[in-house]
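> Okay, sequence plus prediction incoming.
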Amino acid sequence: MLTQTTTRVLEPADLGAALAVLESAPVENAFVTARVRMAGLDPWRLGGEMWGWYSEGRLTSLCYAGANLVPICATPEAVRAFADRARRIGRRCSSIVGPAGPTGELWRLLEPAWGPARDVRAHQPLMVTEEPSATVTPDPLVRRVRKDEMDVIMPACVAMFTEEVGVSPMAGDGGLLYQARVAELVAAGRSFARIDDGKVVFKAEIGAATRQACQIQGVWVAPEHRGKGLSETGMAAVLQYALADIAPVVSLYVNDYNTPARAAYHRVGFRETGAFMSVLF
């Protein structure tokens, strides 16, 4: 039986050891690594706790416990310890997300206490590339969204989120947190769109960025423009920006049932290297 002392909440002094674990898998861990690089390990600044699993006195696995529960480089023993801690505390997250193997085992252990989930996406291919598209010409009209275009980009962001997640980001707090996140990405130069006659035709963001890798998210094409190849040319443009300005490796993950999107990303030059899993509450 695992004891409470097997895993503990990390403190700011543990930052170096935590980054060593995170950066051992820079593509898979880009989201959490970016947060830790920006905020450190103080729970208030990080937006959640970072749990650490020690094997023979050495930190080997992590679990970010904030709005998302994210197992990181988690061994089977670490997953059991994280599940034990999560059960004792109770569910505070809106999702569990991470590499499919550890995330699936974490959910198997937590489902009796936390279930049922609103949705389980058990296999979301992780796609990666290090090169600009060799086959798709970037859309020259895709550009960075300006700070004064928040009122233009927000409806598209809300539509994408609602379509993808199944609930509106405007619920609860009226969308204040979501709008702040969109504004943060716009201000950082990581929000991209093609805007025709004041309306968003295509959009995507680079949601997480480290020195080693970045992750594209929120890809969306206006419904009336779908089927025209805009997701491919738009993604080729965002990929070009990302490789030139942000990181040497670009990744994304996609629902396995979204066959058109997977095919489009393959045509742009992405290859599947693994899989994520998401459990939505």
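Looks like it arrived, so ask away.
> And the helices in the stretch 151-281 of the chain?
Using DSSP state H, counting those that start in this stretch, the helices of the stretch 151-281 of the chain run over 171-174, 176-187, 230-245, 259-268.
> Trp220 is in contact with Met160, correct?
Yes. Judged on Cβ atoms under 8 Å, Met160 makes contact with Trp220 at a distance of 3.8 Å. All C-beta atoms are positioned from the backbone trio N, CA, C, and that covers glycine.
> Between those two, which contacts overlap?
Common neighbours of Met160 and Trp220 (criterion: Cβ atoms under 8 Å, 6 or more residues apart in numbering): Lys203.
> Dump the helices of the stretch 151-281 of the chain to a markdown table, plus distance to Glu49.
Putting these into a markdown table (distance: least, Cβ to Cβ, whole Å) gives the following:
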| stretch | distance to Glu49 |
| --- | --- |
| helix 171-174 | 22 |
| helix 176-187 | 19 |
| helix 230-245 | 30 |
| helix 259-268 | 34 |
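> Of all these, which one is nearest Thr135?
Proximity to Thr135 (Cβ to Cβ) singles out helix 259-268 among the helices of the stretch 151-281 of the chain, at 6.2 Å.
> Return the set of buried residues in that closest one.
Within helix 259-268, the residues scored as buried using 16 or more other Cβ atoms under 10 Å are 261-262, 264-265, 267-268.
> Now distance to Glu164 and pLDDT too, for the residues you listed, in TSV please.
Formatted as TSV, the buried residues of helix 259-268 follow (distance: Cβ to Cβ, whole Å; pLDDT from 0 to 100):
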residue	distance to Glu164	pLDDT
Ala261	11	93
Arg262	15	95
Ala264	16	95
Tyr265	15	97
Arg267	21	97
Val268	19	98
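> Can I get the residues you listed in a markdown table including distance to Gly234?
A markdown table is the format used below for the buried residues of helix 259-268 (distance: Cβ to Cβ, whole Å):
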| residue | distance to Gly234 |
| --- | --- |
| Ala261 | 12 |
| Arg262 | 16 |
| Ala264 | 10 |
| Tyr265 | 11 |
| Arg267 | 12 |
| Val268 | 9 |
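> ok, the residues you listed vs Val128, which is closest?
Among the buried residues of helix 259-268, Tyr265 lies closest to Val128 (Cβ to Cβ), at 10.2 Å.
> Grab the nearest non-local neighbour of the closest one.
Met127 (5.4 Å; Cβ to Cβ, 6 or more residues apart in numbering).
> my guess is that neighbour contacts Gly269, does it?
No. Using Cβ under 8 Å, Met127 is not in contact with Gly269; the gap is 9.5 Å.
> So between the two, which is more surrounded?
For Met127 versus Gly269, neighbours defined as other Cβ atoms under 10 Å are more numerous around Met127 (23 against 20).
> Rank the helices and strands of the chain by mean pLDDT and give me the bottom one.
Every helix and strand in the chain was compared by mean pLDDT, DSSP states H and E; the lowest is helix 171-174, with a mean of 82.
> and it, what does it pack onto?
Helices and strands touching helix 171-174, by 3 or more Cβ pairs under 8 Å, 6 or more residues apart in numbering; DSSP states H and E: there are none.
> on that earlier part again, now the residue nearest to Tyr265, what's its secondary structure?
strand (DSSP: H, G, I helix; E, B strand; the rest coil).
> got the contact list for it?
Contacts of Met127 (Cβ under 8 Å, 6+ apart): 251-254, 262, 265-266, 270-273.
> buried subset of those residues?
Neighbour-count burial within the contacts of Met127 applies to 251-254, 262, 265, 270; the criterion is 16+ other Cβ under 10 Å.
> one step back: let me know the closest of the buried residues of helix 259-268 to Glu131.
Among the buried residues of helix 259-268, and counting by Cβ to Cβ, the member closest to Glu131 is Val268, at 10.3 Å.
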